[in-house]
Structures are given as structure tokens and as C-alpha cells.
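A.B. asks: no FASTA, just this:
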């Protein structure tokens, strides 16, 4: 599916109009970064809990 940059630019401009509802199809949304994964991985999450556990045990 091709992305029409002019259409996306118009839709983004419409977002500045109060009360305006703007629909983006999945390809447009992805092109704008709507589905960018920014969550931490499982190992980082486990490590952060381990750090908190040490702080509690040490009375920090």
C-alpha cells in the first residue's frame, strides 16, 4: 500500500482544528510512528524490580 504524503500532511494539519476528528488508516498511522515499540524488554523489567528489591532490603 502506498502512502500519499500530501494526504497525510492535510490530515496532520486538520489535527490542529479543535473538535476535528481525523482518521488515519493503519499504513498512514505506522508511517507517522503510531506503532513504534518503545516498551522495555523483559530482562530490563526484571532487572529494575531486582534493583528495587535491593533498595528495600538495604533500607534505602
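C.D. replies: Received, thanks. All values reported here derive from a predicted model rather than from experimental measurement. Numbers count the residues shown, from 1 in each chain.
A.B. asks: next SSE after the helix or strand that contains residue 6?
C.D. replies: For residue 6, the host element (DSSP states H and E) is helix 5-14. Going down the chain from helix 5-14, the next helix or strand is helix 26-31, by DSSP H and E.
A.B. asks: show me what that following helix is packed up against.
C.D. replies: helix 5-14 (3 or more Cβ pairs under 8 Å, 6 or more residues apart in numbering; DSSP states H and E). C-beta here means a position set from N, CA and C on the backbone, and glycine is covered the same way.
A.B. asks: please repeat the previous calculation with a cut-off of 6 Å.
C.D. replies: Packed against helix 26-31, as judged by 3 or more Cβ pairs under 6 Å, 6 or more residues apart in numbering; DSSP states H and E, are no other helices or strands.
A.B. asks: low pLDDT regions in the chain?
C.D. replies: 1, 50-60 (pLDDT under 70).
A.B. asks: hmm, try it at 80
C.D. replies: 1, 35-37, 48-60 (pLDDT under 80).
A.B. asks: follow-up on the earlier one: would you mark the buried spots in the helix holding residue 6?
C.D. replies: 8, 11 (16 or more other Cβ atoms under 10 Å).
A.B. asks: quick one: that helix to chain centroid distance?
C.D. replies: Taking Cα atoms, centre = their mean, to the nearest Å, one finds helix 5-14 lying 20 Å from the centre of the chain it belongs to.
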